[in-house]
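> compute the structure for the input listed below.
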Amino acid sequence: MLGSKLATGLILGLLHPVLGTSTPSTIDITFDERKVVPGVPALNAVGNEKGVFFNSWVINQNLNTPASGLLTHSPFNEIVTAVEQQEFNSTAYISPVSPYKFLDLYSFYFGIAANTGEGVASAALQGRILVAGFVGTKEVDVATYTFTPTATQKTAAPMIFAELPSSFRRLTNVTFSVGFPVLQVIAADNFVVALYK
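Numbering: from 1, shown residues only. From the prediction side, this is the model:
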């Protein structure tokens, strides 16, 4: 009996790396340590942040004033996507950067704001975002989240928490879209991810 348990343990121990069942530690990506060039969104593309590539997102320094429309979750940087970015760089998405091959997306904070055409937020708007997880070109799951600021929050609405379902694990990319990209931007902060080699 003890011999078979030992043998099973040895086999599982050897297969553990092959099966990829190990759970890496999570990373909280806040963007707060990044420097921002004021007034020039194109120079503030996120790109690679802690092993995750952010396509069609720019960093926006949000001083959490009433003019900003949205309050960041962790002051003072947020990331924002808009139709202007997507015209050149396609859909807003995140993906792992080599040597990583897969990522888990656990959660993030977000809000929706009026599209100023400059990649910055202005006034909070009600809207819905669609988050789709992929492995290669195969869509694994889609999650939708609604952002509804109150009448008194139109100029200073706090971001809301979006927790992804457990199906958003071991993905090659995750896309983000908003209902009216010409009129609305997604502002986001504090992505919690895990990366796999």
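
> can you show me the strands along the chain?
27-29, 45-49, 52-61, 69-71, 77-81, 92-96, 102-114, 127-135, 138-147, 156-158, 160-163, 173-178, 184-196 (DSSP state E).

> relative to Pro38, which of these is closest?
Of all those, strand 52-61 sits nearest to Pro38, with 7.0 Å by CB to CB. Just so you know, the C-beta spots here come from the backbone N, C-alpha and C atoms, and that holds for glycine as well.

> what distance separates the closest one from the centre of its chain?
For strand 52-61, the separation from the chain centroid amounts to 9 Å (computed by CA atoms, centre = their mean, to the nearest Å).

> contacting residues for Pro38?
Gln61 (CB atoms under 8 Å, 6 or more residues apart in numbering).

> what does Val142 give?
Val142 touches Leu130, Val131, Ala132, Gly133, counting by CB under 8 Å, 6+ apart.

> Leu130 contacts Thr144, doesn't it?
Yes: contact criterion CB atoms under 8 Å: Leu130 and Thr144 qualify, at 5.4 Å.

> next up, the contacts around Asp189.
Thr30, Phe31, Thr72, His73, Ser74, Asn77, Glu78, Ile79, Phe108, Tyr109, Phe110, Met159.

> and the fifth one, what pLDDT?
This means Ser74. Among the per-residue scores, Ser74 holds a pLDDT of 83.

> that one contacts Ile29, doesn't it?
No: applying CB under 8 Å as the test, Ser74 and Ile29 come out as separate, 10.1 Å apart.

> mind putting the contacts of Asp189 into TSV with distance to Tyr196 and neighbour count?
TSV is the format used below for the contacts of Asp189 (distance: CB to CB, whole Å; neighbours: other CB atoms under 10 Å):
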residue	distance to Tyr196	neighbour count
Thr30	22	18
Phe31	22	24
Thr72	28	27
His73	25	18
Ser74	25	14
Asn77	26	20
Glu78	27	33
Ile79	23	28
Phe108	19	27
Tyr109	24	22
Phe110	24	24
Met159	27	23
